[in-house]
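A.B. asks: pasting the sequence and the predicted model now:
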Amino acid sequence: MLKEKAQVLKKIMFAAELSATVLAFVLAYYVRQSFADGPLASLLPFSDYQVLLVPLVVIWGLLLHWMDAYRGFRSARTIQVIAPAIKVVAVGTVLLSFSLFLFKFQWISRLVIFLFALFNLVVLCGIRLGVLTFLRRIRRWGYNARHLLVVGTGRRAQEFAEVIQSHPEWGLRVQGYLDRDRSLLGHPLNGHKVIGTLADLPQILDQQVIDEVVFVVPRSWLNDIEPSIRLCEEQGVNARIAADLYNLEVARPLLSELEGIPLLTYSTTPFPEGKLAVKRAFDIIGSIILLLLTAPVWILSGAAIKLTSAGSVLFRQARVGLQGRPFTLLKFRSMVAGAEERLDEVAHLNEMSGPVFKATHDPRVTPVGRLLRKTSLDELPQLINVLRGEMSLVGPRPPLPSEVARYERWQRRRLSVRPGITGLWQVNGRNEVDFDKWMKLDLAYIDNWSLGLDLKILRKTLPAVLLGKGAS
């Protein structure tokens, strides 16, 4: 019954948020139209703007689904509830703006789009905060409560119960503990008692209201609890097993299923599939836009390279990508032809620690190449690598195979995501950052990744490029 109510609530919220999105667009149009008596020109009739409503609903509906926007609110923090709305509005507005640019809808007011994004953000966050406040209040009053039975009496089990007790707004009620040791019966733990052993579970489920049985037990118990889990299955009671079976520092447990086989995955990359899909879509759209905008730069750079030095316009180099996948990185050639074969001649100029070569006054760099490097324009062809799926707009710098061969084991974790054209290293000084800090910045990006962080890095990249900070 509780699951059915939750599904109904999710459907109601989805319909309400899509409806609110449409209303926000209508409101944005008429607010902008009200400015027509002032310095701003009047708009075309709203009937001309209605063409955007269908793609608007489709884009927002898909994003709400991909962002996993309706994951259970019971134990969610406020920021976790409104974060999907913020991301949907941000990514949706970018996609909508790109669509207008691509299909040449020049008559659509950019101010309408801005006002729509603002109103949409307010109403989506308002809906979510309203639902969250309502649910928390009724749960504090004792409604919509779920009764838990905790199996285990160790430190982890007690900490679990303490967390539950400290959040009455979740509507979770611990009914007691079970243990294997009968001598612990009646023993009080954090305001609750040990009410039985594993053997008593059938009687407890028959005599008490138990919605879920949570097994917070040592690994040595895993064989012993199988009959209890089967019992819960027979009686239709949810059974959960605490997944922190190993004391890992970085990897987080994720539950998934493969053809009916449940899998407990310990992942070091906090990238849910839905968000990865949005990141990939953002990479494709962003790289296409940048390729179109920088087309004149490609022509001028190519001509300058060809006219001032012998060799091809593009430089191709073997790099290492996601999980060690090899690929060919593209750049505008900034060195003389055959520069890689002369690396030993300039090895003494290296200014970087670790298995990386960087030299401010590298004699192999051509005058045009030096300008391209200073402005980072030599990186533009990597937009093709992004379109191919070999790179992302934001991520760790793609290393050379020779560099990877000299990595310490902990440094190889930076290969767990697609490499990027820009990242934390680039916006924090590039060559001014030593190798060890560089690796730690990449791992910090992986551990704290979000779409918002990508947008923040992209925003910081432009001034870093214009100022030539850390470039050589």
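C.D. replies: Arrived safely.

A.B. asks: any idea how many residues pack against residue 293?
C.D. replies: Neighbour count for residue 293, taken as other C-beta atoms under 10 Å: 10. In short, each C-beta sits where N, CA and C put it, glycine included.

A.B. asks: quick check: the gap between it and residue 286.
C.D. replies: 11 Å (C-beta to C-beta, to the nearest Å).

A.B. asks: with residue 446 instead?
C.D. replies: Residue 446 is 20 Å from residue 286, by C-beta to C-beta.

A.B. asks: ok, now residue 186?
C.D. replies: Separation of residue 186 from residue 286 (C-beta to C-beta): 63 Å.

A.B. asks: which of the two has more neighbours?
C.D. replies: residue 286 (19 against 8).

A.B. asks: for that one, which non-adjacent residue is closest in space?
C.D. replies: residue 393 (5.4 Å; C-beta to C-beta, 6 or more residues apart in numbering).

A.B. asks: and residue 114, what pLDDT?
C.D. replies: The per-residue pLDDT reported for residue 114 equals 90.

A.B. asks: let me fix that, I meant to ask about residue 140.
C.D. replies: On the pLDDT scale, residue 140 is placed at 75.

A.B. asks: check residue 194 too.
C.D. replies: In this model, residue 194 is scored at 92, pLDDT.

A.B. asks: just to revisit the earlier point, contacting residues around the residue nearest to residue 286?
C.D. replies: Taking C-beta atoms under 8 Å, 6 or more residues apart in numbering, we find residue 393 in contact with 282-283, 286-287, 386, 420-422, 454, 458.

A.B. asks: can you check residue 26 too?
C.D. replies: Here residue 26 is in contact with residue 46 (criterion: C-beta under 8 Å, 6+ apart).

A.B. asks: and it, how far is that from residue 96?
C.D. replies: Using C-beta to C-beta, residue 26 is found at 15 Å from residue 96.

A.B. asks: now do residue 116
C.D. replies: In terms of C-beta to C-beta, residue 116 sits 8 Å off from residue 96.

A.B. asks: okay, those two: which has more neighbours?
C.D. replies: Set residue 116 next to residue 96 and count neighbours by other C-beta under 10 Å: residue 116 wins out with 26 against 21.

A.B. asks: neighbours of the closest residue to that one other than its chain neighbours, just the number please.
C.D. replies: Setting aside the residues directly before and after it, residue 116 is nearest to residue 28 in space (C-beta to C-beta, 6+ apart), at 3.8 Å. Residue 28 has 22 neighbours, counted by other C-beta under 10 Å.

A.B. asks: please, which helix or strand holds residue 28?
C.D. replies: Per DSSP states H and E: residue 28 is located in helix 2-33.

A.B. asks: buried set for that helix?
C.D. replies: Burial within helix 2-33, assessed by neighbour count using 16 or more other C-beta atoms under 10 Å, is assigned to 13, 16-18, 20-21, 24-29, 32-33.

A.B. asks: can you redo the residues you listed as TSV with distance to residue 403?
C.D. replies: Compiled in TSV, the buried residues of helix 2-33 are given as follows (distance: C-beta to C-beta, whole Å):
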residue	distance to residue 403
13	48
16	51
17	46
18	48
20	50
21	47
24	49
25	49
26	55
27	54
28	50
29	54
32	53
33	58
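
A.B. asks: which of those sit farthest apart?
C.D. replies: Greatest spatial distance in the buried residues of helix 2-33: 13 and 33, 30.1 Å, computed using C-beta to C-beta.

A.B. asks: what does stretch 97-109 rub up against?
C.D. replies: Residues outside stretch 97-109 that contact it (C-beta under 8 Å, 6+ apart) are 32, 43-44, 48-49, 52, 55, 113, 285, 289.

A.B. asks: relative to residue 217, how far out is residue 179?
C.D. replies: 9 Å.

A.B. asks: list residues touching both of these two?
C.D. replies: Common contacts of residue 179 and residue 217 (C-beta under 8 Å, 6+ apart): 151-152.

A.B. asks: who's more crowded, these two?
C.D. replies: Per other C-beta under 10 Å, whichever of residue 179 and residue 217 has more neighbours is residue 217, with 25 against 22.

A.B. asks: which residues are in contact with that one?
C.D. replies: When contacts are counted by C-beta under 8 Å, 6+ apart, residue 217 touches 151-152, 154, 157, 225, 241-242.

A.B. asks: and with 6 Å instead?
C.D. replies: Taking C-beta atoms under 6 Å, 6 or more residues apart in numbering as the criterion, residue 217 is in contact with residue 152.

A.B. asks: how far away is it from residue 376?
C.D. replies: Residue 217 is 54 Å from residue 376, by C-beta to C-beta.

A.B. asks: next one: residue 315
C.D. replies: Note on residue 315: its distance to residue 376, by C-beta to C-beta, is 14 Å.

A.B. asks: returning to what we had before: and the residue nearest to residue 286, what pLDDT?
C.D. replies: Confidence at residue 393, expressed as pLDDT, is 94.

A.B. asks: cool, residue 165 as well?
C.D. replies: For residue 165, pLDDT reads 85.

A.B. asks: residues near it, how many?
C.D. replies: Residue 165, neighbours per other C-beta under 10 Å, totals 15.

A.B. asks: sketch out the low-pLDDT regions of the stretch 1-150 of the chain for me.
C.D. replies: 1-6, 36-41, 72-73, 75, 142, 144 (pLDDT under 70).

A.B. asks: go again with 50.
C.D. replies: Applying pLDDT under 50 to the stretch 1-150 of the chain flags the ranges 1-2.

A.B. asks: what is the neighbour count of residue 375?
C.D. replies: Quick note: residue 375 (other C-beta under 10 Å) scores 16 neighbours.

A.B. asks: I should have written residue 316 there, sorry.
C.D. replies: 12.

A.B. asks: which residues sit against whichever strand or helix holds it?
C.D. replies: Taking DSSP H and E as the criterion, residue 316 maps to strand 314-320. The contact list for strand 314-320 (C-beta under 6 Å, 6+ apart) reads 327-331, 333, 381, 398-399, 401, 404.

A.B. asks: and that strand, which residues are buried?
C.D. replies: Result for strand 314-320 [16+ other C-beta under 10 Å]: buried residues 315, 319-320.

A.B. asks: can you list these in CSV and add pLDDT and distance to residue 350?
C.D. replies: As requested, the buried residues of strand 314-320 are arranged in CSV below (pLDDT from 0 to 100; distance: C-beta to C-beta, whole Å):
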residue, pLDDT, distance to residue 350
315, 91, 20
319, 94, 19
320, 93, 20
